[in-house]
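1. fold the following and give me the result.
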Amino acid sequence: MATKVNPRIHRINTTFSSPARWYASKKDFPIFLHQDIKLRKLIKTQFKTGGISRIEIERSASELNLRIYTSKPGVIIGRGGALIEELKKKIKKDFFGSQKMKVNISIQEVANPDTDAEIIVQSVRDQLEQRLPFRRALKRGVEQVMRAGAKGCKIQVSGRLNGADIARTEKFAQGRLPLQTLRSQIDYSRGIAQTTMGTIGIKVWIYKGDVFEDDKNAAPVQEERRTPNRSTGPRRRKPMTSGGKTVLRKKADIEAAKQPAVVEPAQ
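-> Coordinates of the predicted model:
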């Protein structure tokens, strides 16, 4: 199942934080969930070239906080913050109407965009839409990730590659990708490239290393040596058996058996 399920699902609150942090009643939960989906779709559509990595949403009774992680902050902020103000007005109008809701938007720059799966998906998508050979796009993407310090990467594309009549799946990988290890920090994302020959699906896995709770305070693990139990004394030899019957041997017989046999010369 590790190759079929989004790796982030099993690693929420261990190596990744939840992208949505709010509580709602059973009645309001589906409403807020659909609003989150529409909000992310609106922002990614409006800033398609903004290099958006992820969007975190926090809600309260009268406040909505959006935190946008991007590799190009200037494209989203605009001159003097004009684009951010336009986005706030559009969100208030389309989602809340006359309801009094304060919308806060903060922009965070991605520290290392070359190891971000969503940004790599966007890069591969743009290359495929520009009719670049898919093998070159995959190799270039994996090498870019590995140069940035990742421990493993895999990029997979599926569809009518290079205009072929029959759809197929191709992938390119380097390094390690331990999907079964829950402490491994694996970033995952997927996307779709719209080409003249049809759509091409893109999937990216990036392995950044293992995450431990107390790396600094943890003592080195040493193997424990097994010591004999002194209370029970030395180990006793099990009695010999012959034909299903236990044969008891005396100490003199045991000592005699240990001595080498004496061979007399023939007369």
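
2. name the SS class of I76, please.
-> What DSSP: H, G, I helix; E, B strand; the rest coil gives for I76 is helix.

3. contacts only, for it.
-> By Cβ atoms under 8 Å, 6 or more residues apart in numbering, the contact set of I76 is 47, 50, 52, 68, 70, 83-84, 107. All C-beta atoms are positioned from the backbone trio N, CA, C, and that covers glycine.

4. if we go to 7 Å?
-> Contact analysis of I76 by Cβ atoms under 7 Å, 6 or more residues apart in numbering lists 47, 50, 68, 70, 83, 107.

5. that one and I200, how far apart?
-> From I76 over to I200 the distance is 27 Å, taken as Cβ to Cβ, to the nearest Å.

6. please apply the same query to K41.
-> Spatial separation of K41 from I200 under the definition Cβ to Cβ is 20 Å.

7. who has more neighbours, those two?
-> I200 (21 against 10; other Cβ atoms under 10 Å).

8. contacting residues for the more buried one?
-> Applying Cβ under 7 Å, 6+ apart, we find I200 in contact with 128, 157-159, 161, 193.

9. ok, now with 10 Å
-> Under the criterion of Cβ atoms under 10 Å, 6 or more residues apart in numbering, the neighbours of I200 are 124-125, 128-129, 134, 157-161, 167, 191-194.

10. the contacts of I76 into JSON lines, with extra columns for neighbour count and distance to Q174?
-> Supplementary listing: the contacts of I76 in JSON lines, determined by neighbours: other Cβ atoms under 10 Å; distance: Cβ to Cβ, whole Å:
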{"residue": "F47", "neighbour count": "18", "distance to Q174": "31"}
{"residue": "G50", "neighbour count": "21", "distance to Q174": "28"}
{"residue": "I68", "neighbour count": "23", "distance to Q174": "30"}
{"residue": "T70", "neighbour count": "24", "distance to Q174": "26"}
{"residue": "L83", "neighbour count": "17", "distance to Q174": "38"}
{"residue": "I107", "neighbour count": "17", "distance to Q174": "32"}
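
11. min pLDDT across those, which one?
-> Model confidence across the contacts of I76 bottoms out at G50, which has 88.

12. quick one, what contacts that one?
-> G50 makes contacts with 43-44, 68, 70-77, 83, 107, 122, as judged by Cβ under 10 Å, 6+ apart.

13. run the last query once more with 7 Å
-> Taking Cβ under 7 Å, 6+ apart as the criterion, G50 is in contact with 70, 72, 75-76.

14. could you dump these to CSV with distance to P19?
-> Listed next are those as CSV, based on distance: Cβ to Cβ, whole Å:
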residue, distance to P19
T70, 15
K72, 20
V75, 21
I76, 17
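
15. between those residues, which sits nearest N112?
-> Compare each of the contacts of G50 with N112 using Cβ to Cβ and the shortest gap goes to T70, at 13.1 Å.

16. show me what the closest one is bridged to.
-> Partner residues in beta bridges with T70, using DSSP bridges, are I52, E109.

17. this structure: strands as residue ranges?
-> Along the chain, the segments classed as strands by DSSP state E run 20-21, 52-59, 63-70, 102-109, 152-159, 168-175, 184-195, 198-210, 240-242, 245-247.

18. and the ones you listed, which is most packed in?
-> Ranked by average neighbour count under the criterion mean count of other Cβ atoms under 10 Å, the strands of the chain are headed by strand 152-159 at a mean of 21.
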